[in-house]
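J.: sequence below, structure please.
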Amino acid sequence: MRATLETLAVALLVGLAQLALGVAGLAGIFALSTPLAVAPWTVVTSVYAHGSIGHLLANGLALLLVGPLVERRTTRLRFHAFVVGTGALAGIVQVILGRLFAPSAAVLGLSGAVFALGGYLLTGNVVSATLFDRLRLSSRTQILLFGLAAVALTATAAAPGVALIAHATGAFCGLVAGRARLLDVR
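T.: Numbering: from 1, shown residues only. This next block holds a predicted model:
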């Protein structure tokens with residue numbers, strides 16, 4: 001549970017920095033938005049920053065539910081790299097594709113990474129591996145199935161103002177990574 005708690009601690013520290021910077025009107029300095037090249041550090045900071053205390057609590061609770069289960073299969077370094085990588089990718093895809101639906105929307109939060117961790121749990125276990133091996137689905141069919149599953153998982157958290165594209169991207173990445181057992185060190 002160490003890497004999960006470390007991830008949560010970083011999110012809390014960034015949250016405190018957001019509060020402090022908010023006094024100077026700079027709380028948005030951590031948000032990922034367009035154009036991406038203006039503030040490249042936000043690709044990482046946006047993963048740990050949140051829009052409100054409620055947002056941080058919701059993502060923190062979800063992280064505490066799935067993080068320790070994934071953490072048991074991997075190293076701390078791989079866990080942190082997976083959280084940052086999937087969270088950043090989810091945010092970038094949200095910003096790029098989200099412009100088509102909601103111009104100038106900023107992205108914040110761990111939810112893309114949390115959806116990736118949840119997706120990893122769904123496909124990176126013995127039961128799923130056995131099922132997929134027995135069904136002998138083609139890679140293309142599995143990718144399509146993972147895409148549909150990512151949309152279904154995303155629908156469970158659909159609400160106004162939620163980064164649905166980031167959630168779906170995270171879930172898809174986690175489903176594919178779980179099937180490939182990307183994090184497993186055993």
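
J.: show me where pLDDT drops low in this protein?
T.: Low-confidence segments of the chain (pLDDT under 70): 34-38, 102-105.

J.: quick one: stretch 138-151 to chain centroid distance?
T.: How far stretch 138-151 lies from its chain's middle: 18 Å, per C-alpha atoms, centre = their mean, to the nearest Å.

J.: again but with stretch 48-56, I slipped
T.: 14 Å.

J.: just how off-centre is the helix or strand harbouring Gly91 within its chain?
T.: If you go by DSSP states H and E, Gly91 is part of helix 76-98. In terms of C-alpha atoms, centre = their mean, the centre of helix 76-98 is set 6 Å apart from its chain centre.

J.: report the buried residues of it.
T.: Within helix 76-98, the residues that count as buried by 16 or more other C-beta atoms under 10 Å are 78-79, 82-95, 98. Yep, even glycine has a C-beta here, placed from its N, CA and C like the rest.

J.: check which helices and strands that helix is in contact with.
T.: Packed against helix 76-98 by the contact rule (3 or more C-beta pairs under 8 Å, 6 or more residues apart in numbering; DSSP states H and E) you find helix 2-23, helix 42-48, helix 53-71, helix 111-123, helix 164-179.

J.: now those helices in JSON lines, with mean neighbour count?
T.: Output for the helices and strands packed on helix 76-98, formatted as JSON lines (neighbours: other C-beta atoms under 10 Å):
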{"stretch": "helix 2-23", "mean neighbour count": "16"}
{"stretch": "helix 42-48", "mean neighbour count": "23"}
{"stretch": "helix 53-71", "mean neighbour count": "18"}
{"stretch": "helix 111-123", "mean neighbour count": "27"}
{"stretch": "helix 164-179", "mean neighbour count": "26"}
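
J.: between those helices, which one is nearest to Gln142?
T.: helix 164-179 (6.6 Å; C-beta to C-beta).

J.: between the closest one and helix 111-123, how many degrees?
T.: Between helix 164-179 and helix 111-123, the angle comes out at 30 degrees (axes from the mean of the first three to the mean of the last three C-alpha atoms, to 10 degrees).

J.: doesn't Val162 belong to a helix?
T.: No: counting by DSSP: H, G, I helix; E, B strand; the rest coil, Val162 is located in no helix; its state is coil.

J.: quick one: contacts for it?
T.: Residues near Val162 by C-beta atoms under 8 Å, 6 or more residues apart in numbering: Ser111.

J.: can you check Ser138 too?
T.: Here Ser138 is in contact with no residue (C-beta under 8 Å, 6+ apart).

J.: one step back: got JSON lines for the helices and strands packed on helix 76-98, with distance to Arg136 too?
T.: Below are these laid out as JSON lines (distance: least, C-beta to C-beta, whole Å):
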{"stretch": "helix 2-23", "distance to Arg136": "35"}
{"stretch": "helix 42-48", "distance to Arg136": "37"}
{"stretch": "helix 53-71", "distance to Arg136": "27"}
{"stretch": "helix 111-123", "distance to Arg136": "16"}
{"stretch": "helix 164-179", "distance to Arg136": "14"}
